[in-house]
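Enquirer: sharing a model that was predicted from the sequence below.
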Amino acid sequence: MKIGIINAGNIGRTLAQSWLKAGHELKLAKAGDQTKLENFLKTVEGGTKGSAKEAAEFGDVALFSVYWGNLDATLAEVGELEDKIVIDTMNPLKVTPEFEHYHDLEFMKSNSTSEELQKRLPKARVVKAFSTMPSNLLDASQWAKNPVLPPVFIAGDDPEAKKIVAQLARDAGFQSFDAGELANGRYIEQMGVLLHHVGTHQFRGDYGRLAPTFLQASKIETSEV
């Protein structure tokens, strides 16, 4: 499958590495300093570099891993993404002048990044996924010593698009769980607020080790996507 990575930051590069190993073709775009992306591409096969528009046009699927504050500028560059499956990994984060990130709780009362993205890209097939783990833990090998892999929660209104994203989650080494319609992306994002508090109080701010692994089901029957 052809996948465009729109903003190949830490999340995009980590998932790209897994997907390249699984045999997918990727075009990666990165805003700002290109050094990390260029160094990454020297270590892998099957990935090429391009602009955000080129990455969007290249893929059957576009991983939309953009900093929330850069949404408008990115959308102006990539266009409508008509019929593309757009995977939204974003969280509604704001930043202080001291570069401390915090959740936009007012926005989260009645919206989600995935719903907003679908409004802005009405011809795209938006699916929420990969937003409950820090970037380093999106490398499945980091969970080799854990008895349970963390779930990738998937929310969307297009059943076929969700099936494809679920397979990409498995290709990256994770479980996939169907979280229902796209509006349920709100609850996935709100989980991040809870994890922030747990990271602060239980792990002394070490958020890089923390992801939900609490969801298990009986082996008798499964409704995995």
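Expert: Perfect, I can see it now. Residues are numbered from 1 along each chain as shown.
Enquirer: which residues in this protein form helices?
Expert: Secondary structure of the chain, counting by DSSP state H: helices at 10-21, 35-41, 52-58, 71-78, 105-108, 113-120, 159-171, 185-202.
Enquirer: low-scoring stretches of this protein, by residue?
Expert: Scanning the chain for pLDDT under 70 picks out 207-208, 210, 212-225.
Enquirer: tally of neighbours for the nearest residue to R120 once chain neighbours are set aside?
Expert: Among residues not flanking R120 along the chain, L75 sits closest, at 5.6 Å (C-beta to C-beta, 6 or more residues apart in numbering). (Glycine included, C-beta is placed from N, CA and C.) Counted with other C-beta atoms under 10 Å, the neighbours of L75 add up to 18.
Enquirer: gap between L75 and Q118?
Expert: Here L75 is placed at a distance of 12 Å from Q118 (C-beta to C-beta, to the nearest Å).
Enquirer: kindly report the same for K53.
Expert: For K53, the distance to Q118 - C-beta to C-beta - is 20 Å.
Enquirer: please identify which of these two sits among more neighbours.
Expert: Q118 (24 against 16).
Enquirer: residue contacts, the more buried one?
Expert: By C-beta atoms under 8 Å, 6 or more residues apart in numbering, the residues touching Q118 are A124, V126, D157, L182.
Enquirer: distance-wise, check the residue nearest to R120 relative to N7.
Expert: From L75 to N7 the distance is 12 Å (C-beta to C-beta).
Enquirer: now swap in F107 and tell me
Expert: Distance, F107 to N7, by C-beta to C-beta: 20 Å.
Enquirer: L71: neighbour count?
Expert: L71: 17 neighbours (other C-beta under 10 Å).
Enquirer: what of K49?
Expert: 18.
Enquirer: please apply the same query to K162.
Expert: Per other C-beta under 10 Å, the neighbour tally for K162 reads 25.
Enquirer: and for H197?
Expert: 9.
Enquirer: ok, it to Q190 distance?
Expert: 11 Å.
Enquirer: likewise for V44?
Expert: Going from V44 to Q190 by C-beta to C-beta gives 34 Å.
Enquirer: again with K119
Expert: Separation of K119 from Q190 (C-beta to C-beta): 19 Å.
Enquirer: kindly report the same for P151.
Expert: For P151 relative to Q190 (C-beta to C-beta), the value is 16 Å.
Enquirer: okay, those two: which has more neighbours?
Expert: Remark: of P151 and Q190, P151 carries more neighbours, 21 against 16, as counted by other C-beta under 10 Å.
Enquirer: could you check how far the more buried one is from A179?
Expert: 9 Å.
Enquirer: one more: S135?
Expert: Distance, S135 to A179, by C-beta to C-beta: 21 Å.
Enquirer: same question, E160
Expert: 16 Å.
Enquirer: comparing these two, which residue is more hemmed in?
Expert: A count of neighbours by other C-beta under 10 Å puts A179 above the other of E160 and A179, at 20 against 10.
Enquirer: contacts only, for that one.
Expert: A179 sits in contact with K128, F153, I154, A155, G185, Y187, I188, where contact means C-beta under 8 Å, 6+ apart.
Enquirer: who wins for most neighbours among those?
Expert: Most surrounded of those: other C-beta under 10 Å gives K128, at 33 neighbours.
Enquirer: that'll do, ta.
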